[in-house]
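Asker: Below are the sequence and a predicted model; questions follow.
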Amino acid sequence: MEQESQEIQTDQESRENLEKEQDEKRLADSARMSGNGKSVPGYIRKYRRVNIIWLIVWIAVGVGIFTTGWFIWHTRANILTVLAVLMVLPSAKRIVALVALGRKSSVEADRCHAVETTVEPYIYAGELDIHELSEDEPAGIEENVIFTDYVFTSTEKVMMLDFMVVTKGTIFILPASNTRDTEYVQRYLTKGIRDRSKAFDIHIVWDDKKLIKGLAGLNESPAPASDRREVLAYLKSLAL
């Protein structure tokens, strides 16, 4: 009886530990998918929501200012009308941001999880503060760095990647499925990276399977820590 009681207690503890681990994983996934910073899971969803909210706020402020001026002076020709018109500028900025995103949605959680498990140990680019890293630190950044929901700009275009993974000596780039000018994206990123370091191998892939396969079969020569830091700083600086 005592042995059965111990077995029951052990089973119960095992179930409780399993439930605790599952709860912690759900909380971690929820926090990760909420999108803290840029180039992290859920960023596009959060970015779109924030821009919609601010657009509504600026429109409401503009209408409120115009209405106040009308009630005070009973004419549109007043200083508050001028201020109301100025509200168009921040509103236009939000509209441009929303148009740039188009119908692009955030990368799904299961796709992120598949990449995470392949490149452990990892850190998301939005969680990485380049400026806190010492240039004299010989080890550099130990983790593989994942960019996802990566929206970036050049002087000509707004571009999007589903994933970009920077390992010790290789960079994998997976453009978003709705990317039109893929050659421009490839040329732009490759040039920017090569201008800062020629030590990285750069691979453009077109689906998740090729990305996972490439990451799983890596046999690379690490780039210098200073090069890796400079390239990561450059890629983070592009993020919208």
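Answerer: Nice, thanks for sending it over. Numbering: from 1, shown residues only.
Asker: where does the chain have low pLDDT?
Answerer: 1-36, 130-140 (pLDDT under 70).
Asker: and Asn178, how far is that from Val185?
Answerer: In this view, Asn178 and Val185 are 12 Å apart by Cβ to Cβ, to the nearest Å. The C-beta positions use only the backbone N, C-alpha and C, and glycine is treated the same way.
Asker: now what about stretch 179-199, what contacts it?
Answerer: Residues outside stretch 179-199 that contact it (Cβ atoms under 8 Å, 6 or more residues apart in numbering): 154, 156-157, 159-161, 169, 171, 173, 175, 200, 202, 204, 221, 223-224, 227-228, 230-231, 234-235, 238.
Asker: ok, for Arg111, nearest residue in space, not its chain neighbours?
Answerer: Asp208 (6.0 Å; Cβ to Cβ, 6 or more residues apart in numbering).
Asker: wait, what's in contact with the one you found?
Answerer: Going by Cβ under 8 Å, 6+ apart, Asp208 touches Arg111, Ala114, Val115, Leu174.
Asker: Export stretch 83-102 to PDB, keeping only CA atoms.
Answerer: Output of stretch 83-102 as PDB, limited to C-alpha atoms (Å, rounded to 0.1, in the frame of the first residue of the first chain):
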ATOM      1  CA  LEU A  83      -3.900  73.900 -36.500                       C
ATOM      2  CA  ALA A  84      -6.500  71.300 -37.500                       C
ATOM      3  CA  VAL A  85      -5.100  71.200 -41.100                       C
ATOM      4  CA  LEU A  86      -1.600  70.600 -39.500                       C
ATOM      5  CA  MET A  87      -3.000  67.400 -38.000                       C
ATOM      6  CA  VAL A  88      -3.000  66.000 -41.600                       C
ATOM      7  CA  LEU A  89       0.800  65.600 -41.400                       C
ATOM      8  CA  PRO A  90       1.000  63.000 -38.600                       C
ATOM      9  CA  SER A  91      -2.100  61.400 -40.000                       C
ATOM     10  CA  ALA A  92      -0.500  61.000 -43.400                       C
ATOM     11  CA  LYS A  93       2.600  59.400 -41.900                       C
ATOM     12  CA  ARG A  94       0.400  56.700 -40.300                       C
ATOM     13  CA  ILE A  95      -1.500  56.200 -43.600                       C
ATOM     14  CA  VAL A  96       1.800  55.700 -45.400                       C
ATOM     15  CA  ALA A  97       2.900  53.200 -42.900                       C
ATOM     16  CA  LEU A  98      -0.300  51.200 -43.200                       C
ATOM     17  CA  VAL A  99      -0.200  51.300 -47.000                       C
ATOM     18  CA  ALA A 100       3.400  50.100 -46.900                       C
ATOM     19  CA  LEU A 101       2.400  47.000 -44.900                       C
ATOM     20  CA  GLY A 102      -0.400  46.200 -47.400                       C
END
